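Q: The following comprises the amino acid sequence and a computationally predicted model.
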Amino acid sequence: MPYRGKLYRALNPVYAREPLSGRGAELYGGRFNPKGLPALYASLTVMTALREANQVGNLQPTTLVAYDAEIDRVFDCRDDQALKAEGMDAAALADTTWRDRMKTGEAPTQAFARRLIAAGWHGLLVRSFAPGATADDLNLVLWRWGDAAPARLVLIDDENRLSR
């Protein structure tokens, strides 16, 4: 499925000057990317982005950014049949032990992401697993993005606030 619309990220201020880099995910790994593979984790709403960035403890300093997105090839994780065809299911996506499993190799969700990347997907649409999130809280995880089609992602910063 293609995705056209706004996306949001709540960044650690350390990465605020590089809101298109995917560097944090590359350094530490994420549910849908192993260490060494850049990924950009974005949300379809501001509140989901804030939940994602502040999952433990108190609200920490956060830089909120928005993007205009036109992403052609997005795997929809809400489609149970498509998940099954890829050897996944909703329970495996929600597995809370992915970080522990990453310590001894690759988490199943990371292997799933590798298969999707190899098949030419630009990203995946998946529900948020952050505390307080509901099935309506969605994230778009990107492995391929740039300033042109077919995976166009443009930071909204008309006033150049991040360059100051």
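A: Structure received.
Q: give me the number of residues near the closest residue to residue 143 other than its chain neighbours?
A: Distance criterion Cβ to Cβ, 6 or more residues apart in numbering; nearest residue to residue 143, sequence neighbours excluded, is residue 117 at 5.1 Å. Glycine gets a C-beta too; all of them are placed from N, C-alpha and C. Residue 117: 18 surrounding residues under other Cβ atoms under 10 Å.
Q: ok, so what distance separates residue 117 from residue 11?
A: Noted for residue 117: a distance of 23 Å to residue 11, by Cβ to Cβ, to the nearest Å.
Q: which one's the longest helix in this protein?
A: helix 108-118 (DSSP state H).
Q: what sits up against it?
A: If you take Cβ atoms under 8 Å, 6 or more residues apart in numbering as the criterion, helix 108-118 is touched by 29, 31-34, 37, 39, 75, 86-88, 92-93, 95, 98, 101-102, 106, 124, 141, 143-144.
Q: What about the closest residue to residue 16 other than its chain neighbours, how many residues nearby?
A: Nearest non-adjacent residue to residue 16, counting by Cβ to Cβ, 6+ apart: residue 63, 3.9 Å away. Other residues near residue 63 come to 17 when the count uses other Cβ under 10 Å.
Q: pLDDT wise, what is residue 63 at?
A: pLDDT recorded at residue 63 is 92.
Q: from what I can see it touches residue 13, true?
A: Yes - shown here, residue 63 and residue 13 form a contact pair, counting by Cβ atoms under 8 Å, at 5.2 Å.
Q: In the chain, where is pLDDT below threshold?
A: 164 (pLDDT under 70).
Q: Which residue ranges of it form strands?
A: 3-11, 40-43, 63-71, 74-76, 123-127, 138-142, 151-155 (DSSP state E).
Q: Can you tell me the strand partners of the shortest one and which way each runs?
A: In this case it means strand 74-76. strand 123-127 (parallel) (DSSP bridges).
Q: Next, the angle from the strand it pairs with to strand 63-71.
A: Angle, strand 123-127 to strand 63-71, by axes from the mean of the first three to the mean of the last three Cα atoms, to 10 degrees: 120 degrees.
Q: got the contact list for strand 123-127?
A: With Cβ under 8 Å, 6+ apart, strand 123-127 has contacts from 1, 3, 32, 71, 73-78, 93, 113, 116, 133, 135, 137-145, 151.
Q: Ok, stretch 86-95 next?
A: With Cβ under 8 Å, 6+ apart, stretch 86-95 has contacts from 75, 77, 80, 83, 101, 107-109, 112, 115-116, 126-127, 129.
Q: Need the max-distance pair from these.
A: Pairwise distances across the contacts of stretch 86-95 (Cβ to Cβ) peak at 22.7 Å, for the pair 80 and 101.
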